[in-house]
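>>> Okay, predicted coordinates and the sequence, questions at the end:
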Amino acid sequence: MTKIVIISHNYIGKEILKTATEILGKIPCDVIVIDVFHDQSYDQQRLKAQKSIHSLSTSEVIILTDIKGASPYNLAKEICPTNGSIICDLNLGMLINLFNYCNLTKAELLQKTNLKVEQ
């Protein structure tokens, strides 16, 4: 089963996950949300994110970020495990689509959803 990590500005990740949960009723896979705040130290946020991502290191991981080139994306690039993939431009439709196939392997899921992988 593929694990999903959302790294985004402020509370975008939590809110989009909350909305997806309201629509689907239950999220069928493990999801970690990492919020990035501009008033917090980047190094502290990176350490927090690394701890979260290391708990998934034996699983296939897809990291979703909101904006390519922004702090959440840069953080994702730094902490992405070798078995991970990064996808940018997080949106509700994308997230629900991923949830519909998260029981598949990462390769199958990416093929089925046809999402563009950045890394």
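Right, received. Where do you want to start? Please read these numbers as outputs of a predicted model, since none were measured by experiment. Numbers count the residues shown, from 1 in each chain.
>>> Going by C-alpha atoms from here, please, whenever you check contacts or count neighbours.
OK.
>>> Got the phi and psi for the residue with the largest distance to the centre of the chain?
Computed with CA atoms, centre = their mean, the residue of the chain farthest from its C-alpha average is Asp39, at 21.5 Å. Dihedral pair for Asp39: phi -90, psi 10, per degrees, to the nearest 10.
>>> Contacts only, for it.
Residues near Asp39 by CA atoms under 8 Å, 6 or more residues apart in numbering: none.
>>> how close does it get to Gln45?
11 Å (CA to CA, to the nearest Å).
>>> same check, this time on Val117
Taking CA to CA, one finds Val117 at 23 Å from Gln45.
>>> Just want to know which of these two has more residues nearby.
Set Val117 next to Gln45 and count neighbours by other CA atoms under 10 Å: Gln45 wins out with 18 against 13.
>>> Excluding covalently adjacent residues, which one is nearest to the more buried one?
Val36 (6.9 Å; CA to CA, 6 or more residues apart in numbering).
>>> Ala49 now?
Ile34 is the one closest to Ala49 (CA to CA, 6+ apart), at 6.6 Å.
>>> Wasn't that neighbour part of a strand?
Yes. Assessed with DSSP: H, G, I helix; E, B strand; the rest coil, Ile34 lies in a strand.
>>> just the helices in this structure please.
12-24, 42-54, 71-79, 92-101, 106-113 (DSSP state H).
>>> ok, of those helices, where does mean pLDDT dip lowest?
Ranked by mean pLDDT, those end with helix 42-54 in last place, scoring a mean of 87.
>>> starting at the chain centroid, how far to it?
How far helix 42-54 lies from its chain's middle: 14 Å, per CA atoms, centre = their mean, to the nearest Å.
>>> Counting by contacts, list what that helix packs against.
Counting contacts by 3 or more CA pairs under 8 Å, 6 or more residues apart in numbering; DSSP states H and E, helix 42-54 packs against strand 31-36, helix 71-79.
>>> Would you mark the buried spots in it?
By neighbour count with 16 or more other CA atoms under 10 Å, helix 42-54 contains the buried residues Gln45, Arg46, Ala49, Gln50, Ser52, Ile53.
>>> before we move on, the earlier item: ok, the residue nearest to Ala49 - how many residues close by?
Ile34 has 25 nearby residues by other CA under 10 Å.
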